[in-house]
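Novice: Make a model of this:
(one chain, ligands or ions: 1)
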Amino acid sequence: MLYAPVSNNGLVTLPKIARDYLELISGEDAMKLTPVTGNCILIAKYKQDEEAGLAKPIRLTKKGQFTISGKHRNWLQLDEDTEVYFSIQNDKLVMSKAAKLKACLVCQMTGSIHGIECCICEGSGNIRTHSPGILTEIFVAFKNGRKYGMVYSLINQEQLPDGSIELRGLPKLTVRSSTKPYNYVLVIQEHYEKCIKEEFFKLNFQVDEWEGGMYRAIEI
Ligand SMILES: [Zn+2]
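Specialist: The predicted model follows:
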């Protein structure tokens with residue numbers, strides 16, 4: 001996950017790891033930007049012989065920066081003073097609008113739980129998720145938790161070949177750790193259990209609605 005700020009006139013720095021991925025040389029190479037569904041833009045290396053006349057080359061400056069045109073900024077739905085997010089999806093470099101930071105409620109924005117760094121927000125007090133819903137938050141927790149020795153499992157769900165999640169019943173989260181004290185693990189487990197219940201038993205919520213696997217979370 002890589003985030004980069006965008007200036008008011010659309011100037012953004014392509015992170016080094018992304019430049020290396022596309023084998024782009026700053027100050028020499030150019031890119032081809034292709035808007036795709038989901039308000040994303042695919043970024044590929046511009047190859048003069050193949051692309052001549054088909055796509056407009058976007059130059060990469062010596063500082064590794066490029067300008068996102070007004071048309072592309074609209075496509076990404078960028079506001080002023082916003083950030084973009086670079087990720088690799090199906091071997092392609094994808095740029096999208098970065099999700100806004102939101103408060104980490106597991107540690108109440110303090111960055112620690114019982115005096116130990118919060119593994120949900122990695123001590124920052126804030127988290128980001130790119131899709132709404134508690135399941136995507138839990139998957140962020142899964143990802144961040146690995147380096148803190150946290151092991152999560154979510155039952156009653158199945159990952160489909162397209163990467164989406166289909167639920168088979170009310171999701172149930174279990175959290176374990178061989179390195180963190182019990183009261184630390186318990187705070188996380190109780191927080192997400194409460195969130196799952198709140199989200200799935202909202203007013204007017206019918207159990208049958210999700211028993212057929214209607215609720216689908218998308219990749220974070
Ligand atoms: Zn936290």
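Novice: Please enumerate the helices of the chain.
Specialist: 16-21, 48-51, 70-76, 134-145, 182-200, 207-211 (DSSP state H).
Novice: tell me the most buried of those?
Specialist: Mean neighbour count (mean count of other Cβ atoms under 10 Å) peaks for helix 134-145 among these, with a mean of 20. (C-beta placed from N, C-alpha, C; glycine too.)
Novice: can you state the direction angle for that helix and helix 182-200?
Specialist: With axes from the mean of the first three to the mean of the last three Cα atoms, to 10 degrees defining the directions, helix 134-145 sits at 160 degrees from helix 182-200.
Novice: which ones are touching the residue of the chain most remote from its centre?
Specialist: No residue in the chain has its C-alpha farther from the mean C-alpha position than Asp49, which lies at 34.7 Å (Cα atoms, centre = their mean). With Cβ atoms under 8 Å, 6 or more residues apart in numbering as the criterion, no residue contacts Asp49.
Novice: where does this structure come near the ion, residue by residue?
Specialist: Residues of the chain lying close to the ion (Cβ under 5 Å from the ion) are Cys104, Val106, Cys107, Cys118, Ile120, Cys121.
Novice: Make TSV from these and add neighbour count and pLDDT to it.
Specialist: Conversion of those to TSV gives the following (neighbours: other Cβ atoms under 10 Å; pLDDT from 0 to 100):
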residue	neighbour count	pLDDT
Cys104	23	92
Val106	21	93
Cys107	23	95
Cys118	25	95
Ile120	27	91
Cys121	25	91
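Novice: just checking, which of those belong to strands?
Specialist: Within those, no residue falls in strands by DSSP state E.
Novice: would you list the residues you listed in JSON lines and tack on distance to Glu190?
Specialist: Shown next, in JSON lines, are the residues of the chain next to the ion (distance: Cβ to Cβ, whole Å):
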{"residue": "Cys104", "distance to Glu190": "15"}
{"residue": "Val106", "distance to Glu190": "9"}
{"residue": "Cys107", "distance to Glu190": "13"}
{"residue": "Cys118", "distance to Glu190": "14"}
{"residue": "Ile120", "distance to Glu190": "13"}
{"residue": "Cys121", "distance to Glu190": "17"}
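Novice: helices and strands of the chain: which one bottoms out on pLDDT?
Specialist: The least trusted helix or strand in the chain, going by mean pLDDT, DSSP states H and E, turns out to be strand 216-217, with a mean of 37.
Novice: what's stretch 37-45 in contact with?
Specialist: Contacting residues not belonging to stretch 37-45 are listed as 14, 18, 22-24, 29-36, 68, 72, 75-77, 86, 92-97 [Cβ under 8 Å, 6+ apart].
Novice: got the CA positions of it in PDB?
Specialist: Provided in PDB are the C-alpha atoms of stretch 37-45 (Å, rounded to 0.1, in the frame of the first residue of the first chain):
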ATOM      1  CA  THR A  37     -14.100   1.100 -13.900                       C
ATOM      2  CA  GLY A  38     -14.200   1.700 -10.200                       C
ATOM      3  CA  ASN A  39     -12.700   5.200 -10.600                       C
ATOM      4  CA  CYS A  40      -9.300   3.700 -11.000                       C
ATOM      5  CA  ILE A  41      -6.500   4.400 -13.500                       C
ATOM      6  CA  LEU A  42      -4.100   1.800 -14.900                       C
ATOM      7  CA  ILE A  43      -0.500   3.000 -15.200                       C
ATOM      8  CA  ALA A  44       1.800   1.300 -17.700                       C
ATOM      9  CA  LYS A  45       5.100   2.200 -19.400                       C
END
